[in-house]
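Engineer: this is the structure alone, sequence omitted:
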(Lines give C-alpha, C1' and ligand atoms only; values in the text may rest on other atoms or scores of the structure.)
Protein backbone atom coordinates (compact mmCIF):
# COMPACT_ATOMS: atom_id res chain seq x y z
CA UNK A 1 0.00 0.00 0.00
CA UNK A 2 2.84 2.37 0.84
CA UNK A 3 4.60 1.56 -2.38
CA UNK A 4 1.46 2.25 -4.38
CA UNK A 5 0.95 5.71 -2.85
CA UNK A 6 4.63 6.51 -3.33
CA UNK A 7 4.42 5.41 -6.95
CA UNK A 8 1.31 7.53 -7.55
CA UNK A 9 2.92 10.57 -5.97
CA UNK A 10 6.01 10.05 -8.13
CA UNK A 11 3.94 9.78 -11.29
CA UNK A 12 1.96 12.90 -10.41
CA UNK A 13 5.16 14.81 -9.77
CA UNK A 14 6.71 13.75 -13.08
CA UNK A 15 3.57 14.60 -15.02
CA UNK A 16 3.41 18.09 -13.49
CA UNK A 17 7.12 18.63 -13.93
CA UNK A 18 6.95 17.70 -17.59
CA UNK A 19 4.13 20.12 -18.30
CA UNK A 20 6.11 23.07 -16.91
CA UNK A 21 9.45 22.28 -18.52
CA UNK A 22 8.95 24.35 -21.64
CA UNK A 23 7.58 27.41 -19.85
CA UNK A 24 9.82 30.49 -19.84
CA UNK A 25 11.19 31.49 -16.48
CA UNK A 26 10.02 34.87 -15.24
CA UNK A 27 11.51 36.77 -12.37
CA UNK A 28 9.60 39.53 -10.71
CA UNK A 29 11.53 42.16 -8.82
CA UNK A 30 9.91 44.36 -6.28
CA UNK A 31 11.25 47.77 -5.41
CA UNK A 32 11.02 47.54 -1.66
CA UNK A 33 12.30 50.20 0.62
CA UNK A 34 13.64 49.34 4.01
CA UNK A 35 11.35 50.00 6.89
CA UNK A 36 12.09 53.30 8.61
CA UNK A 37 14.10 52.93 11.77
CA UNK A 38 12.68 54.94 14.62
CA UNK A 39 15.18 55.69 17.31
CA UNK A 40 13.59 57.11 20.40
CA UNK A 41 15.92 59.19 22.46
CA UNK A 42 15.05 60.86 25.67
CA UNK A 43 15.41 64.58 26.06
CA UNK A 44 18.67 65.37 27.84
CA UNK A 45 18.43 67.21 31.13
CA UNK A 46 18.80 70.87 30.19
CA UNK A 47 19.58 72.08 33.75
CA UNK A 48 17.08 74.94 33.52
CA UNK A 49 16.02 74.84 37.18
CA UNK A 50 19.59 74.98 38.56
CA UNK A 51 20.36 77.84 36.18
CA UNK A 52 17.30 79.77 37.38
CA UNK A 53 18.19 79.14 41.03
CA UNK A 54 21.77 80.28 40.46
CA UNK A 55 20.46 83.42 38.75
CA UNK A 56 18.14 84.26 41.64
CA UNK A 57 20.34 83.26 44.59
CA UNK A 58 24.02 83.22 43.74
CA UNK A 59 25.45 84.85 40.66
CA UNK A 60 23.15 86.55 38.18
CA UNK A 61 25.54 86.75 35.16
CA UNK A 62 26.57 83.09 35.30
CA UNK A 63 22.97 81.97 35.85
CA UNK A 64 21.77 84.01 32.89
CA UNK A 65 24.33 82.33 30.64
CA UNK A 66 23.21 78.98 32.05
CA UNK A 67 19.58 79.79 31.22
CA UNK A 68 20.57 80.75 27.67
CA UNK A 69 22.37 77.45 27.05
CA UNK A 70 19.57 75.51 28.73
CA UNK A 71 16.95 76.95 26.39
CA UNK A 72 19.36 76.44 23.49
CA UNK A 73 19.62 72.76 24.46
CA UNK A 74 15.85 72.35 24.31
CA UNK A 75 15.65 74.07 20.92
CA UNK A 76 18.40 71.89 19.47
CA UNK A 77 16.69 68.71 20.70
CA UNK A 78 13.38 69.81 19.19
CA UNK A 79 15.07 70.38 15.84
CA UNK A 80 16.61 66.87 15.95
CA UNK A 81 20.18 67.75 16.90
CA UNK A 82 20.62 65.38 19.85
CA UNK A 83 24.40 65.77 20.09
CA UNK A 84 24.13 69.56 20.02
CA UNK A 85 21.43 69.41 22.70
CA UNK A 86 23.66 67.31 24.95
CA UNK A 87 26.57 69.68 24.36
CA UNK A 88 24.50 72.77 25.21
CA UNK A 89 23.10 71.01 28.29
CA UNK A 90 26.64 70.29 29.51
CA UNK A 91 27.61 73.94 28.97
CA UNK A 92 24.50 75.05 30.92
CA UNK A 93 25.45 72.67 33.74
CA UNK A 94 29.01 74.00 33.83
CA UNK A 95 27.84 77.64 33.95
CA UNK A 96 25.37 76.81 36.72
CA UNK A 97 28.07 75.08 38.76
CA UNK A 98 30.45 77.98 38.19
CA UNK A 99 27.77 80.45 39.30
CA UNK A 100 27.04 78.39 42.40
CA UNK A 101 30.71 78.21 43.31
CA UNK A 102 31.15 81.93 42.67
CA UNK A 103 28.17 82.73 44.89
CA UNK A 104 29.44 80.48 47.67
CA UNK A 105 32.88 82.05 47.40
CA UNK A 106 31.37 85.53 47.81
CA UNK A 107 29.34 84.40 50.84
CA UNK A 108 32.40 82.83 52.48
CA UNK A 109 34.47 85.94 51.75
CA UNK A 110 31.82 88.21 53.31
CA UNK A 111 31.65 86.01 56.40
CA UNK A 112 35.43 86.02 56.77
CA UNK A 113 35.57 89.79 56.30
CA UNK A 114 32.77 90.27 58.80
CA UNK A 115 34.58 88.35 61.51
CA UNK A 116 38.09 89.64 60.84
CA UNK A 117 38.31 93.12 59.39
CA UNK A 118 34.93 94.59 60.25
CA UNK A 119 34.74 93.21 63.79
CA UNK A 120 38.27 94.43 64.56
CA UNK A 121 37.34 97.99 63.53
CA UNK A 122 34.25 97.92 65.76
CA UNK A 123 36.40 97.21 68.87
CA UNK A 124 38.17 100.54 68.54
CA UNK A 125 34.92 102.54 68.51
CA UNK A 126 33.85 101.78 72.10
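Structural biologist: That came through fine. Remember, predicted model here, so these are calculated numbers, not experimental data.

Engineer: which residues of the protein score low on pLDDT?
Structural biologist: Within the chain, the stretches with pLDDT under 70 are 1-2, 4-5, 7-31, 38, 40, 120-126.

Engineer: now with 90?
Structural biologist: 1-44, 58-59, 80, 114-126 (pLDDT under 90).

Engineer: tell me where it has helices.
Structural biologist: Counting by DSSP state H, the segments of the chain that form helices are 2-19, 48-57, 60-78, 82-113, 119-123.

Engineer: pick the most buried one from those helices.
Structural biologist: Among the helices of the chain, helix 60-78 has the highest mean neighbour count (mean count of other CB atoms under 10 Å), at a mean of 19. Glycine gets a C-beta too; all of them are placed from N, C-alpha and C.

Engineer: adding distance to residue 42, write the helices of the chain out as TSV.
Structural biologist: Conversion of the helices of the chain to TSV gives the following (distance: least, CB to CB, whole Å):
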stretch	distance to residue 42
helix 2-19	59
helix 48-57	16
helix 60-78	10
helix 82-113	10
helix 119-123	52
